[in-house]
Structures are given as C-alpha cells and as structure tokens.
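Visitor: model this:
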Amino acid sequence: MSSGSELLKQLAREVALSPQEQALAVGTRGRNLFIGIPKETSAQERRVPLTPASVAVLVGRGNDVTVERGVGNAVQFQDSDYTEAGAVLAETAEEVFKGDIILKVAPPSPAEIELMRPKQLLISALQMTTQPKDTLRRMMEKKVTAVAWDFIRDREGIYPIIRAMGEIAGNASIQIAAEYLSTDKGGPGLMLGGISGVAPAEVVVIGAGTVGEFAVRAASGLGASVKVFDKSIYRLRRLQTDLDQRIWTSVIQPDELRRALQQADVAIGALRPEHGRTPMVVNEDMVREMKNGSVIVDVSIDRGGCFETSRPTDLSDPVFKKFGVLHYCVPNIASRVPRTASYALTNIFAPLLLGMGDVGGFEELIKRDLGLRHGVYLYNGALTSEVLSEAFRLPYKDLDILLAAF
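Guide: Numbers count the residues shown, from 1 in each chain. As a prediction, the model looks like this:
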C-alpha cells in the first residue's frame, strides 16, 4: 500500500513539474500582484517584511502594495517613505486584508484570520507553539493558502530566512551577554575580552549551527575565551573550517559540559532540533553550579530551550535570575534589532514576489520552485504539512497531488 502511495506521489510530482500550457499571452510579463502589509499586532514583533525601497521596486514593476498606517514605526520607516515609494496607505487592517497576498512577519492572530478571504495567500512565520489547532482549523475553513517563510528553502537546500535570523541572533546574543555582565545590569562588571594582564571572560556556546557560529565569531572578535559544544562532530569540524582558526570544541558529554559551565561567565544556548523540541542538555544542577552573576542567553527558547531553568520572557521584561544566574530567554531576539532584521527579510521577500509576478502568480511559481513549495502548509484550505497533521491530528493532503489536479 505504501509503495503504491509513493508511486502516486512521484507521478504527481512529475505532472506538476512538467511543462504546462500558459494562459498568458505571448510577450506579456505575467500578472500584477495586489500585496497587503498589515501592521504587526504582537508586542514582540517589530520587524517589517518589506522596506520602502523594495516596495518601490515592486510598484515600479506594475504591482499594487497597500500598507497599514504605522507599519514601519518600530524601524524608523515613516508612512511617507512608503507612500513616496508608491504604496497605498490604509487606515485600518480591514483595508489591507483586501489584498490577494498578505505579507506578515509574525503568525496571524485570530482577529486577522477573520479578516482573510477564500483563496487568499498568506506569507508569514509558522510557530506551532503560538498557533493552536483551532487557529489552524479556522484558516482551513477560510480556504486560505499559507506559506511559512521559516520553511522556505533556496536552491542549495538552505533555509535562507532562518539562516539570516540565526546570524542576527548569534551576533546579538553576545552583545546581550556583554550588556548584562556590566554592573549597570546587575552583573559582576566584566569585559568579555579582558585587557592586558586580566583574563578574558569564558564563553560556552552550546550548538555549532548558524546561531552558534555567529556567536563564536562575535565572542572571539571581542577577545573572549570560547568553548563550543555540539552533538555532531561534523558540525564542529565545519565550524573549525569556516572560522579558519582553532577553537576549543567538544561533543556534548554531560561531565565535560558541566566542568565548562562551572568556569563560564556566559553560556549561549544555540541548539536547533531536527524535529520537535530542542534537546534539554543543561539540567538544573548544572545551572546551580555556575558562577554567581554569570549570564545565560538561551536562543533556543523558541523551541523549548536547552537549559532546564529557562522559561520564555519578552522584550519588555527579558531577564530573570535563578540560582544567581541571569537568564535572557526572549524567543524573538531578531526583533531586538528590527531594522537589520527587516533588511534581511526584504532581501528574500522582494525577489520572491517579483518572481511570482513574472511567472504569472503563486500557483505557477510553486510548480517550478521546490524551495517555496516546501514552505506551503495550507493550499486552498487543505493541510499539506505532514508535521502539522500529526501534531494536531488533522486531515492531510499531498501538495504534489493537489498541484497535478490544478
């Protein structure tokens, strides 16, 4: 039975990827897009998906863009910047949600889902911990097509937005740690790099992926002494190669990790799970044995965290102390530097939207772009993500089969 199902999926993929007759007239550029960008309603979200410069390019190619008033306030983009770029300024979210494509950074709120229309395309983040089953079911009832930008792949199989946000989070984690080591923030008054005759701070980075790599780069650049742990020897070797320098590395062994944390002034949680929750590799006893005044920045908290003592915080109240150790556990660290993060997002969203217009719309693009297709989790109301289907016990349909029938 399973072999027959796999054969059917393979045939569907071949049909979906085979050349199709185009409804567009010869010589035309495609069709114009109607894009709506609402103001983010989450207090944790300060990023915007498109900068005024990218809006100008999209409008210059014949597309329509509507933005809600105040959409760029947190990143110092004025409403006049968007209108001068050719966007239409909307006073309410209801006006924005008249667009064919709704582009957001954060997942949609229940109120925003109620504003959506059948066949509308939503591009936003997918965060299972903040999107309960009822929310997903309502989107299915609305016959919405939804793309999770955090699951879009590029030609090399890399998640470009996740990598960009990981680079930001890795750099920012060291900046945060340096800030909270100061006496102004209740720390012991340490400099990460030390000075002549004074030893540098000890930094332990748990995870050798993108976040870990850029945390190591930032900490080493400031002169700190860095130790890196990861479950994979392959990732540790790759980190050594990418940094082009020798650093202290170890696979995650509880006793070795415990000793390193006992000497650490800063610990960065940068592990990413293959599936589900981040593995919790630092237990409560290990944290209890850390130095008084040391700092934990658990970047992995958005997937559960890798420290047993971690719990999510927010940008308005980002830290708490446990056993004398300061914990910074904000799930969305990139929103701490929203302007940089917004430029990183627009570098990916703008070409995606331009390509969508060039080929004649979203349906045509996902037939050609396997990386974008990987981010689709709802298609005209049908759930196309096996992970979400299993997590929420909802019916699932294969996207390749749906596209072949389209």
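Visitor: Model confidence at the residue lying closest to Leu399 once chain neighbours are set aside, what's the number?
Guide: Distance criterion Cβ to Cβ, 6 or more residues apart in numbering; nearest residue to Leu399, sequence neighbours excluded, is Thr384 at 4.1 Å. Where you see a C-beta, it was placed from the backbone N, CA and C, and this is true even at glycine. pLDDT for Thr384: 91.
Visitor: For the remainder of this discussion, apply numbering that starts at 25.
Guide: Sure, I'll start counting at 25 from here, so that last one is Thr408.
Visitor: Could you measure from Thr408 over to Met164?
Guide: According to Cβ to Cβ, to the nearest Å, Thr408 stands 11 Å off from Met164.
Visitor: after the helix or strand in which Val235 is found comes which helix or strand?
Guide: Taking DSSP states H and E as the criterion, Val235 maps to helix 234-245. Next along the chain after helix 234-245, taking DSSP H and E as the criterion, comes strand 249-254.
Visitor: Which element, helix or strand, includes His351?
Guide: Assigned by DSSP H and E, His351 belongs to strand 349-352.
Visitor: That strand: partners in the sheet, and parallel or antiparallel?
Guide: Using DSSP bridges, strand 349-352 pairs in its sheet with strand 319-322 (parallel), strand 343-346 (antiparallel).
Visitor: Make TSV out of the ones you listed and add distance to Ser334.
Guide: Below are the strands paired with strand 349-352 laid out as TSV (distance: least, Cβ to Cβ, whole Å):
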stretch	distance to Ser334
strand 319-322	4
strand 343-346	9
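Visitor: need the contact list for Leu281.
Guide: Listed by Cβ atoms under 8 Å, 6 or more residues apart in numbering, the contact set of Leu281 reads Val228, Ile230, Phe253, Ser274, Val305, Val306, Met310.
Visitor: Scan these and report the most crowded one.
Guide: Counting by other Cβ atoms under 10 Å, Ile230 has the largest number of neighbours within those, with 29 neighbours.
Visitor: re earlier: which of Thr408 and Met164 has more residues huddled nearby?
Guide: Thr408 (22 against 17).
Visitor: Just the CA atoms of the very next helix or strand once past the strand holding His351, as CSV, please.
Guide: As assigned by DSSP H and E, the chain's next helix or strand after strand 349-352 is helix 362-383. What follows is helix 362-383 as a C-alpha-only set of coordinates in CSV (Å, rounded to 0.1, in the frame of the first residue of the first chain):
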residue,chain,number,x,y,z
PRO,A,362,14.4,45.1,13.9
ARG,A,363,15.9,47.4,11.2
THR,A,364,18.7,45.0,10.4
ALA,A,365,16.3,42.1,10.5
SER,A,366,13.9,43.9,8.2
TYR,A,367,16.5,44.4,5.6
ALA,A,368,17.4,40.7,5.8
LEU,A,369,13.7,39.8,5.3
THR,A,370,13.2,42.2,2.4
ASN,A,371,16.3,40.7,0.6
ILE,A,372,14.4,37.4,0.4
PHE,A,373,10.7,38.5,0.1
ALA,A,374,11.2,41.1,-2.6
PRO,A,375,12.8,38.7,-5.2
LEU,A,376,10.2,36.1,-4.3
LEU,A,377,7.3,38.4,-5.1
LEU,A,378,9.0,39.7,-8.2
GLY,A,379,9.4,36.2,-9.4
MET,A,380,5.8,35.4,-8.6
GLY,A,381,4.6,38.2,-10.8
ASP,A,382,7.0,37.3,-13.6
VAL,A,383,5.7,33.7,-14.0
